[in-house]
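Peer 1: here is my input, please return the structure:
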Amino acid sequence: MRGEVETTRAKGRATMAAAIALAMACVLASGARAQPTTETCVESVQRVSGLCSGVLSSTSPFDLLNCCEGAKDADERGCFCDSGVALALGTSYDATLEVLESGCSLNIATYGSVACHARDDSNAVESNDDGVSDKDHGAPQAVSYWTFQDAPNSNVATDKMNNVSGLYSAEVGIGFDGPGSETSSAYFSGRDSYVLIPYTPLLNTANFTVSTTLKPEGAGERPKGTAESVVENFAETSETTIVIGGYGLERHWLGGGGGGEARPLWAFVVGTPIGPLTVYSETEAREGKWAQVTGAYDAAARRAAIYVNGTLEGVESLGQQIMLGNPENDLLIGNGNRLLPSGATTAPYVGYISQAGFWDQALDEPQAKAVFEAVFPSAGGGGGGFPLWATILISCVAVLVVLAALSVLGIFLWRRRERRQAAAPSARRGPTANEQPALAPEMGNTTPLRGPVMFEEEREHLTPRGAQTPSATVHPRFRKIGSKISVTWN
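Peer 2: The predicted structure is shown next:
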């Protein structure tokens, strides 16, 4: 009996100790959860990625639990919407999302998704005191922007946003003139000349805009139905199916020209489950002329648009279809080889490219215009391509040049007149009808002298008698001798 009592007491003490330990664990856990996390979003998602890396093959249920709990906490903080997270994880970003979708059944708001953009828009409205959106302040900042202003011997195409730099192939020429005095360009010959941008989730978002400034040159006219690839980010570019995911900017030759010749047009292509959707420009994509071509896709509206030099020229709706993304392939500039519905493939681009950029939202027309004017300043109003100080300086210099020219002309005319006066024979005019020769005062005449005194021989000298005829009118200078009138010569 006594032994049973001791056994019962021991069990009670063990139960109480377990309860205390459980309570302490709960208190510690709640305390730890109550404390704000000190991890950055990049650190949190990297930790989650490490927890989830082998969870599907793990035999421990706690591995999956830790993976899902960590992901849920990071998602509540909006960490998967951070572009820095997508950039830091690279290819493991998509692998982690696949585990979370299949193993945890979590609908994560990922970078570039509609949910992330809605979160960003709400935060922007809360942070702006004036309630003005980014669309009222010009184009937003690009995710990546390549200007091809690298050193001639460089093999790295630098991303000015410091996110995703690319690699030049050996056949790309660098250091050619661009559309402006402060820009340069790269030349793509069409023979193994391309730029490769490594795969990143940053360049594969639900809403996006892709833009390039280029001048085709060297390819000549192509037959109807052919196409050139300028910028391509497709999951399949040369396989046996046209059901592709991704997007691209291209140059297509279509019918409709005079004499049966094909018209080159700019094209924006997006992948769908039933094949690529193509939006064409109105402006012809002729050689030898700089142009900026921009394609934008709005996932919520399922709308693709193409802009040429900042002007909207084409819009297409996907209807009930959705755009397919590119979850694996690199972005290529100038490469070609995308499969066309005709069975042919796109040709590599031939010509100059000055810049290429990517935005993680669909730009509207004012924003596309702002991007265009940033590359082509003369397209904006008021400056004529020059800043205000340069315009004022040029005007002042022009005024000084005109004044100097007028001064030189005045001096020339004045000296010419002096030379003519100096070269002319000295002559004194005779007295007029009102200027009769006056006697000197000492001879008794007090009339003031009104003209020079001339003697008869001087007057005779000033009136030569060449082929002159006598005057037909009575002249004051005549002398009457007897009954005859002696006429003088004028």
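Peer 1: show me the strands in the stretch 251-400 of the chain, by range?
Peer 2: 263-270, 277-284, 291-298, 303-308, 311-317, 331-333, 347-348, 351-359 (DSSP state E, counting those that start in this stretch).
Peer 1: format the ones you listed as TSV; extra columns: mean pLDDT and mean neighbour count.
Peer 2: C-beta here means a position set from N, CA and C on the backbone, and glycine is covered the same way. As requested, the strands of the stretch 251-400 of the chain are arranged in TSV below (pLDDT from 0 to 100; neighbours: other C-beta atoms under 10 Å):
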stretch	mean pLDDT	mean neighbour count
strand 263-270	94	24
strand 277-284	93	18
strand 291-298	96	25
strand 303-308	96	23
strand 311-317	94	16
strand 331-333	94	27
strand 347-348	94	20
strand 351-359	95	25
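Peer 1: could I get those strands as a markdown table with distance to residue 101?
Peer 2: Converted to a markdown table, the strands of the stretch 251-400 of the chain look like this (distance: least, C-beta to C-beta, whole Å):
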| stretch | distance to residue 101 |
| --- | --- |
| strand 263-270 | 24 |
| strand 277-284 | 26 |
| strand 291-298 | 23 |
| strand 303-308 | 27 |
| strand 311-317 | 28 |
| strand 331-333 | 25 |
| strand 347-348 | 37 |
| strand 351-359 | 25 |
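Peer 1: just the buried residues of stretch 149-158, please?
Peer 2: 149, 150, 157, 158 (16 or more other C-beta atoms under 10 Å).
Peer 1: nearest to residue 95, of the residues you listed?
Peer 2: residue 157 (26.7 Å; C-beta to C-beta).
Peer 1: what sits against the nearest residue to that closest one once chain neighbours are set aside?
Peer 2: Distances taken as C-beta to C-beta, 6 or more residues apart in numbering place residue 166 nearest to residue 157, at 3.9 Å, with adjacent residues excluded. Residue 166 makes contact with 146, 156, 157, 159, 195, 196, 197, 198, 331, 333, according to C-beta atoms under 8 Å, 6 or more residues apart in numbering.
Peer 1: repeat for residue 261
Peer 2: residue 221.
Peer 1: also residue 144?
Peer 2: Residue 144 touches 159, 161, 163, 164, 197, 202, 203, 357, 358, counting by C-beta under 8 Å, 6+ apart.
Peer 1: got a quick ChimeraX command for the buried subset of those residues?
Peer 2: One line in ChimeraX is enough to select the buried ones among these; burial here means 16+ other C-beta under 10 Å:
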select :159,161,163,164,197,202,203,357,358
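Peer 1: separation between residue 198 and residue 157?
Peer 2: Per C-beta to C-beta, to the nearest Å, residue 198 is found 11 Å from residue 157.
Peer 1: and residue 74, by the same measure?
Peer 2: 32 Å.
Peer 1: okay but residue 347 is in contact with residue 230, surely?
Peer 2: No - counting by C-beta atoms under 8 Å, residue 347 sits too far from residue 230 to count as a contact (10.8 Å).
Peer 1: for residue 351, which non-adjacent residue is spatially closest?
Peer 2: Closest to residue 351 by C-beta to C-beta, 6+ apart is residue 216, at 3.9 Å.
Peer 1: can you flag which of the buried residues of stretch 149-158 belong to helices?
Peer 2: The helices, defined by DSSP state H, take in nothing from these.
Peer 1: from those residues, which is closest to residue 300?
Peer 2: residue 157 (32.1 Å).
Peer 1: what's near enough to touch the closest one?
Peer 2: Applying C-beta under 8 Å, 6+ apart, the residues near residue 157 are 146, 148, 150, 165, 166, 167, 168, 195, 197.
Peer 1: please repeat the previous calculation with a cut-off of 6 Å.
Peer 2: 146, 166, 168, 195 (C-beta atoms under 6 Å, 6 or more residues apart in numbering).
Peer 1: let me know the pLDDT of it.
Peer 2: For residue 157, the model assigns a pLDDT of 93.
Peer 1: just residue 152 next, same as before
Peer 2: 84.
Peer 1: related to what we said a few turns ago, mind picking the two most distant members of the contacts of residue 166?
Peer 2: 156 and 331 (15.1 Å).
Peer 1: hang on, the earlier thing: so which of the strands of the stretch 251-400 of the chain gets nearest residue 177?
Peer 2: Checked against C-beta to C-beta, the stretch from these lying closest is strand 351-359, at 8.1 Å.
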